[in-house]
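Chemist: sequence plus the predicted model coming up.
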Amino acid sequence: MIIAAALCPSPPLLVRELTGADPVVADLRDACAAAVAALVAARPDVIVVVGPGPDTTEWPADGRLNIAAFGGRPAPPAGGAPLPKPVPLAVGLGGYLLDQAAYTGPRRLHSVSEDDQPADCLRLGKEIGDTAGRIGLLVMADGSARRGLRAPGHYDERAEAFDAGVERALRAGDLRRLAAIDPVLARELLATGRPAWQVLAGATRGTKLRKDVMYTGDPFGVMYVVRFFYVLSELRDPLIPG
Amino acid sequence: MEGLAAPPPGGALRLGERSFGPRQRVIMAIVNRTPDSFYDRGATWHEAAAMERVHAVVAEGADIVDIGGVAAAPGAQVDIAEEIRRTVPFVAAVRDAYPDLVISADTWRHEVAREVCAAGADLLNDTWGGWDRRLAGVAAEHGAGLVCAHAGGLAPRTRPFRVAYDDVLADVLHRTLAQASRAARIGVDPSRILIDPAHDFGKNTWHSLEVTRRLDEMVATGWPVLVSLSNKDFIGETLGVPPEGRLTGTLAATAICAWQGARVFRVHQVTETREVLATVSAIRGEVPPARAVRGLA
């Protein structure tokens, strides 16, 4: 049973050391930290991190982002243990945010492939949501990376309307609408978060949500949104006791 | 998978009619026939201005001119016909004006390469890392040289987006050596092949800095190394300066690469680069000072 979900983007620059002397995106980092703190404060039995990756698979819970691959220095392993297995960027950044929040409870790390169709993603979300216990979901997902001439994917005139549609669904808390995002268009627009949004839609289907808007912006031509969703009730059921 | 081809013994580098020894540092001046390149912003878009630039860089001591018709950054589409229109007549005009100057063509397309070689180009500067598999064959056909660069597998005119490497230098070596070997196998003269880490292509600033720091590992392969550092974004991000403020950082990186053994330097500023390279050569004891009398009289 999903009790709460946090939604954060997954640019490498969330890692403070990767932006050099200038914090660059302090406001974005603060928003992500606040969303994850709210997730941890909801006292889930387990936090499931979901982010796009090359395959749909579960990773070892001790998997971590390989910061060195992006030019940072690898954190020294605790107690001389071997470095944990590297995981895909989005999943690794989710784990990184949990570490930053000093969360030490149980976690599961799940990547979802860009090749998965919406129905697959919804099903995966439902499976995660149907797991016994109080599940906290940390979804790592980005909008289009083609929002301007300096954007990583340059400019695509469709990007703004695409992201606006996603943003409206998130703002309304009507996550079912995320299920309808076209994977082909998302891929063309470099909107890497598409499969992860649809996992979120599947996991929260049939629930009533309170939503907190924490960040919306595209400082580098990539759409970042940070949200926190608190599950007030399953629509079939009375209020879920907190 | 066939083994890697060996570079030519003795470090010979031949370009056009010229031969460059292993301790000679060679300047390749950038001449863009583009309206939209990041640094010059169309300054040599018109043919007369481009030819003026060629005269100037030759007078300043450039050994090679690198003529390009398509900006590296994403932007307005430039098709094959348009790229040919921008570059081929100009290469022919430069060849007429300077029969012995080494002319490099900055292109990834084999169709363009074939035309510029016919017009007199000596070297194909394939910055996008062998994206067009037929390009090397054109170099072989025409006896031209080839720059084998690392773009991390990115398509031409795309920006790096969250690129990650377990070991960036290992990937640079893997891709550039594979291209150099393949080029040699299909008939490009090995003494006309260079390798280039291609700073900022498929790399973030940290990656470009690491490639600079570890350039000696490329040099150790024995293939001549070309570096293209000039006023690039990794310098801009390192210093927090816009393109027009990047010369000092460019020259510092130039000195570091020269010290580690880079042979060819693709640049906007020829005079400043020549002075840096002469200083490095003197510090290394490879070339005497121009004049030394202080304390010696």
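Modeler: Received it, and whenever you're ready, just let me know what you need. These numbers were taken from a predicted model, which means no experiment stands behind them. Residues are numbered from 1 along each chain as shown, chains lettered A, B, ... in the order given.

Chemist: tell me where chain A has helices.
Modeler: Using DSSP state H, the helices of chain A run over residues A:26-41, A:89-100, A:118-130, A:159-172, A:183-188, A:194-203.

Chemist: deepest-packed of those helices, please.
Modeler: Of those, the one with the most neighbours on average (mean count of other CB atoms under 10 Å in any protein chain shown) is helix A:194-203, at a mean of 29. No exception for glycine: its C-beta is placed from N, CA and C like everyone else's.

Chemist: can you name the residues that contact residue 165?
Modeler: Defaulting to chain A. Under the criterion of CB atoms under 8 Å, 6 or more residues apart in numbering or on different chains, the neighbours of A:G165 are A:R177, A:I181.

Chemist: chain B was what I was after
Modeler: B:Y165 is in contact with A:A69, B:G152, B:D171, B:H207, counting by CB under 8 Å, 6+ apart.

Chemist: helices - which of those land there?
Modeler: When helices are assigned by DSSP H, the members of the contacts of B:Y165 inside them are B:D171, B:H207.

Chemist: report the two of the contacts of B:Y165 separated the most.
Modeler: With CB to CB as the measure, no two of these lie farther apart than A:A69 and B:G152, at 12.1 Å.

Chemist: neighbour count winner among those two?
Modeler: Neighbours were counted for A:A69 and for B:G152 using other CB atoms under 10 Å in any protein chain shown; A:A69 has more, 21 against 18.

Chemist: my guess is the more buried one contacts A:P86, does it?
Modeler: Yes. In this structure A:A69 lies within contact range of A:P86 using CB atoms under 8 Å: 7.2 Å.

Chemist: re earlier: can I get the helices of chain A in TSV including mean pLDDT?
Modeler: Rendered in TSV, the data for those read as follows (pLDDT from 0 to 100):
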stretch	mean pLDDT
helix A:26-41	98
helix A:89-100	98
helix A:118-130	97
helix A:159-172	95
helix A:183-188	98
helix A:194-203	97
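
Chemist: stretch A:88-101 near chain B at all?
Modeler: Yes. Under the criterion of CB under 8 Å from any CB of the partner chain, stretch A:88-101 makes contact with chain B via A:L89.

Chemist: the helices in chain B, which residues?
Modeler: Under the criterion DSSP H, helices of chain B are mapped to B:47-60, B:80-97, B:110-119, B:135-142, B:168-185, B:205-213, B:215-219, B:233-239, B:247-260, B:270-283.

Chemist: where does chain A get nearest to chain B, residue-wise?
Modeler: With CB to the nearest CB as the measure, the residue in chain A that lies nearest chain B is A:G71; the distance is 2.1 Å.

Chemist: thought that residue was touching B:V211?
Modeler: No. Proximity of A:G71 to B:V211 does not meet the contact threshold set by CB under 8 Å, at 10.6 Å.

Chemist: anything in contact with each of those two?
Modeler: Any residue near both A:G71 and B:V211 by CB under 8 Å, 6+ apart counts here, and that gives B:V168.

Chemist: which of the helices of chain A sits closest to A:V225?
Modeler: A:V225 lies closest to helix A:159-172 among these, at 6.2 Å (CB to CB).

Chemist: nearest residue to A:S113 other than its sequence neighbours?
Modeler: Excluding the flanking residues, the one nearest A:S113 by CB to CB, 6 or more residues apart in numbering or on different chains is A:T56, at 4.6 Å.

Chemist: ah, wrong one, I meant B:V172
Modeler: Closest residue to B:V172 apart from its sequence neighbours, by CB to CB, 6+ apart: B:H150 at 4.4 Å.

Chemist: let me know the distance separating that neighbour from A:V166.
Modeler: Computed with CB to CB, to the nearest Å, the distance linking B:H150 and A:V166 is 35 Å.

Chemist: give me the neighbour count for the closest residue to A:V46 other than its chain neighbours.
Modeler: Sequence neighbours aside, A:P106 is the residue nearest to A:V46 in space, at 4.3 Å (criterion: CB to CB, 6+ apart). Counted with other CB under 10 Å, residues neighbouring A:P106 total 12.

Chemist: mind listing what A:P106 touches?
Modeler: For A:P106, the contact set (CB under 8 Å, 6+ apart) comprises A:D45, A:V46, A:I47, A:A61.

Chemist: for the third one, give me its contacts.
Modeler: With contact taken as CB under 8 Å, 6+ apart, A:I47 is in contact with A:L39, A:V40, A:L98, A:Y103, A:G105, A:P106, A:R107, A:R108, A:I135, A:G136, A:L137, A:L138.

Chemist: once you drop chain neighbours, what's closest to it?
Modeler: On the basis of CB to CB, 6+ apart, the spatially nearest residue to A:I47 that is not a chain neighbour turns out to be A:G136, at 4.3 Å.

Chemist: cool, the last one as well?
Modeler: Nearest residue to A:A61, sequence neighbours excluded (CB to CB, 6+ apart): A:R107, at 5.3 Å.

Chemist: ok, now how distant is the one you found from B:T254?
Modeler: When CB to CB is the yardstick, A:R107 and B:T254 sit 47 Å from each other.

Chemist: what about the closest residue to chain A within the stretch 101-250 of chain B, neighbour count?
Modeler: Checking the stretch 101-250 of chain B residue by residue against chain A with CB to the nearest CB singles out B:W206 as nearest, at 2.1 Å. Using other CB under 10 Å, the number of residues around B:W206 comes to 23.

Chemist: identify the residues contacting it.
Modeler: B:W206 sits next to A:L18, A:F70, A:G71, A:G72 when contact means CB under 8 Å, 6+ apart.

Chemist: just give me the least confident of those.
Modeler: pLDDT across the contacts of B:W206 is at its lowest for A:G72, which sits at 83.

Chemist: and for it, the neighbour number?
Modeler: The local packing of A:G72 (other CB under 10 Å) involves 16 other residues.
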